[in-house]
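S.K.: Provide a 3D model corresponding to the input given below.
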Amino acid sequence: MSDSDAWAKACAEDLEAEKARRRAERGAEPGSAAEEFRKLFDAVADKVAGGLGGPLLGGISGQTVQQFVSQAKAVVEPVIERNPQVFDHLAAAGNELLAAYRSAVEGHETRWTRGGTVSEDDPRRAADGEDGPRGDEEGPGTGQHIDLD
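M.R.: Now for the predicted structure:
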């Protein structure tokens, strides 16, 4: 075995040992989105069934709550088992939405912290050349009503 092979092997062993140490410190790594959803669902179901449901559900009997939780689990479990990739896609879509929201908020925050000035090429620039929006627009949209129904 050459020196470079020995060095690479020692580095790989050190890396694996460090990964094992960190796993032991932090506990188990998060699972797939489906597994995490199952854990969340189980935790919420346990809280509802374990007494939290009484005050929240208007004093419904514990047996009724337990029956409802069991029925909900019976419905959700097969969906999770048959379609785990759906939860991965939903998690990815949620991350994309969060990134888009952050981008939009950062843009607004930048304008707000600059004191509301509008750049030369911004279509919202006042017609008279003054800094600031024209005042006839409420936001960055086109001003057209969008019917979401």
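S.K.: in contact with Gln66, which residues?
M.R.: When contacts are counted by CB atoms under 8 Å, 6 or more residues apart in numbering, Gln66 touches Ala49. Any C-beta I mention is one placed from the backbone N, CA and C, and that applies to glycine too.
S.K.: quick check: which element contains it?
M.R.: Using DSSP states H and E, Gln66 sits in helix 62-82.
S.K.: so after that helix, what's the next helix or strand?
M.R.: helix 84-113.
S.K.: show me what that following helix is packed up against.
M.R.: helix 33-47 (3 or more CB pairs under 8 Å, 6 or more residues apart in numbering; DSSP states H and E).
S.K.: give me the angle between the helix it packs on and helix 84-113.
M.R.: Between helix 33-47 and helix 84-113, the angle comes out at 90 degrees (axes from the mean of the first three to the mean of the last three CA atoms, to 10 degrees).
S.K.: return the set of buried residues in helix 33-47.
M.R.: 33-34, 37-38, 41, 45 (16 or more other CB atoms under 10 Å).
S.K.: and it, what does it pack against?
M.R.: Here helix 33-47 touches helix 62-82, helix 84-113, going by 3+ CB pairs under 8 Å, 6+ apart.
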